[in-house]
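> Mind looking at a prediction? Sequence and model below.
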Amino acid sequence: MTRTQRLSIALGLNGLLVVGQVVFGLLANSMGLLADAAHNLSDIAALGMAMMGVLVSRRLPTAGRSYGWHRATILAALANGLLIIAVTALIMVEAIPRLLNPEPVEGGVVVGVALAATALNVAAALVLHEGRSDLNMRSALLHMSADAAASLGVAAAGLVILLTGGFEWLDPAISIAIGLVIGVEAWRLVRSAVDVLLEAAPPDIDLAALRAAMADVDGVADVHDLHVWSLSSGVRVLTAHVVTPDAESLIAAQEVGHRVRDAIEQPFGIAHTTIELEADGQGPACLPDTDRHVPD
């Protein structure tokens, strides 16, 4: 199943969920349900941005954008993270007065709707989970997982209210607690997206190990001016100068360059490499750029 198909299914589930939560949240006078509906409403926008990011990233490179549109998914992830933070802050602002002055809540309605919402959010999260580190899909999955946890918390609070006939303060309290947890995760997502946009080295790449792997290739005397960054979660780029003093010809030097590329592409997940070859500090050749296909 492609990313677009996964996102489309999650969008449909969330559209149905928001309508139900708003209607029953008003009937039950539940801040928890309305807060959960707000999260799911933000999910609809977030999933839409995630899908747009995927579609734009498929556009072919142009003369003006030679690396293509891979960063579109990162921009979508950044927007989603900021949206989560904004919605969470709004919910907490609304919940604090309710915490100080609790209002009656229909616990039975809250439990039923919240459990149904939990099931739908879990289903959407399972659809979006694909075992890849794509930040854009991770942002969408974070929305679904956070809302599943929020719905479960709302159901627990509703159950206590239903069984005891009191403790109405639990309804806004659970919204605040879940908002704090979601806010922390959203901040981590924003920070990861910003790192990609600032062309920081991928956090899972050990630069010392990468340099050592290149230097260990037969014919390589030194590696310098090494740079590695990400265009998106699945597309990594590397540039480096490799010294090959023993190469007797341009062809021999290029063979060393190809061996260096082969030594790092799979182990370190490098999709695009540009290696400049040098002999005693002089650059006789530049190994042509190479691209590895990144699946949808």
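Nice, thanks for sending it over. No experiment lies behind these values; they were computed from the predicted model shown.
> elements contacting the helix or strand hosting residue 161?
Assigned by DSSP states H and E, residue 161 falls within helix 135-164. Using 3 or more C-beta pairs under 8 Å, 6 or more residues apart in numbering; DSSP states H and E as the contact criterion, the elements in contact with helix 135-164 are helix 3-28, helix 31-57, helix 71-100, helix 107-128, helix 170-197. Glycine gets a C-beta too; all of them are placed from N, C-alpha and C.
> burial of residue 163, as a residue count?
Residues lying near residue 163 (other C-beta atoms under 10 Å) number 11.
> Can you give the domain ranges for this structure?
3-197, 207-291 (automatic domain parsing).
> For the last one, give the mean pLDDT please.
Just to be clear, that refers to domain 207-291. For domain 207-291, mean pLDDT is 81.
> before we move on, what about the first one?
With pLDDT averaged residue by residue, domain 3-197 scores 78.
> Could you measure from the closest residue in space to residue 82 that isn't next to it in sequence over to residue 231?
The spatial neighbour of residue 82 that comes closest, neighbours along the chain excluded (C-beta to C-beta, 6 or more residues apart in numbering), is residue 190 at 6.2 Å. With distances taken as C-beta to C-beta, to the nearest Å, residue 190 is found 18 Å from residue 231.
> Then residue 100?
With C-beta to C-beta as the criterion, residue 100 and residue 231 are 48 Å apart.
> and what of residue 87?
In terms of C-beta to C-beta, residue 87 sits 29 Å off from residue 231.
> Next: residue 216.
Counting by C-beta to C-beta, the gap from residue 216 to residue 231 is 27 Å.
> And the two? Which one has more around it.
Per other C-beta under 10 Å, whichever of residue 216 and residue 231 has more neighbours is residue 231, with 21 against 11.
> who touches the nearest residue in space to residue 183 that is not next to it in sequence in this structure?
Distance criterion C-beta to C-beta, 6+ apart; nearest residue to residue 183, sequence neighbours excluded, is residue 88 at 4.8 Å. Under the criterion of C-beta atoms under 8 Å, 6 or more residues apart in numbering, the neighbours of residue 88 are 39, 179, 182-183, 186.
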